[in-house]
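Chemist: Give me coordinates for this.
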Amino acid sequence: MLKLAILGFLYDRPLHGYELRRHLAALTGHVRPISDGSLYPAIKRLEADGLLVRETEPGSAAAPRHTLHLTGAGRTALLDRLRAPEPLDISDGNRWTALVSFLRHLDDPAAQAAVLRRRIAFLSEPASFFYEGDRPRAAEEFTDPFRRGLLLTARATTEAELSWLRAAVDELSS
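Modeler: As a prediction, the model looks like this:
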C-alpha cells in the first residue's frame, strides 16, 4: 500500500518528504499511521529501483530540502499496478483505498472498469467476521448486540460500496 500511495501522490506532482508524509497520513488516517521508520526506507527502495529521484533545493532558512520526483519508470510502475492490481489490493480495505484513490491515472475506462469489477466480485462473495465451520454467520444469527451491530454495519457499508461500484462501471462502460 505504501509503495502504491507514494507513486500515486508523486504522479500528480513532486513533493517534499514531509508533504508526502502528510498526504499519506490523510489517506490512511488513524488506521495505519505512517512512521518515518517505514516511509523513508520505502522512499530509498523506490529511489534505488529507479522509480523516483530526489532533487536537493536550498532551504530558505536552514538545511536544504529534498523534493521527490517520479521517473518515467515510476509512472509506468504505477500504471502497471493500477491496471493489474495484486489480489490484496482488491480485498484489503486500506490497499483498496489507495488503489481507487489513484485509479483515475489510468486513461482507459475499460481498464478502470475491469478493476472495479474485480472488487465487485470480491464483495459479492459471502463473508463474515464470524463463521460456523466454513459457513459465514449473518447478523440475524446473533443475540449479542455487538456482533450483530458489527455485521449490520459491515453489510450496509458493503451494499453502499457495491451500489457505487456498479454505477461507476456503468458510467465507464457507456
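Chemist: Tell me which helix or strand the closest residue to residue 124 other than its chain neighbours sits in.
Modeler: Nearest non-adjacent residue to residue 124, counting by Cβ to Cβ, 6 or more residues apart in numbering: residue 162, 7.3 Å away. Placement of C-beta: from N, CA and C, glycine included. The secondary structure element spanning residue 162 is helix 145-173 (assigned by DSSP states H and E).
Chemist: what does residue 54 give?
Modeler: Secondary structure from DSSP H and E places residue 54 in strand 52-57.
Chemist: can you list contacts of that strand?
Modeler: Strand 52-57 is contacted by residues 6-7, 10, 14, 43, 46-47, 64-71, 74 when judged by Cβ atoms under 8 Å, 6 or more residues apart in numbering.
Chemist: Swap in 10 Å and give it another go.
Modeler: 6-7, 10, 14, 16-17, 43-47, 63-71, 73-74, 77 (Cβ atoms under 10 Å, 6 or more residues apart in numbering).
Chemist: If we go by neighbour counts, what in it is buried?
Modeler: By neighbour count with 16 or more other Cβ atoms under 10 Å, strand 52-57 contains the buried residues residue 52.
Chemist: Dump the C-alpha coordinates for that strand into PDB.
Modeler: What follows is the C-alpha trace of strand 52-57 in PDB, where atoms were taken according to Å, rounded to 0.1, in the frame of the first residue of the first chain:
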ATOM      1  CA  LEU A  52      11.800   8.200  -8.100                       C
ATOM      2  CA  VAL A  53      14.600  10.700  -7.900                       C
ATOM      3  CA  ARG A  54      15.400  13.100  -5.100                       C
ATOM      4  CA  GLU A  55      16.400  16.700  -6.000                       C
ATOM      5  CA  THR A  56      18.000  19.000  -3.500                       C
ATOM      6  CA  GLU A  57      16.800  22.500  -3.200                       C
END
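Chemist: That one: partners in the sheet, and parallel or antiparallel?
Modeler: Each strand pairing with strand 52-57, determined using DSSP bridges, is listed with its direction: strand 65-70 (antiparallel).
Chemist: Could you list the buried residues of the strand it pairs with?
Modeler: If you call a residue buried by 16+ other Cβ under 10 Å, then strand 65-70 has these buried ones: 67-68, 70.
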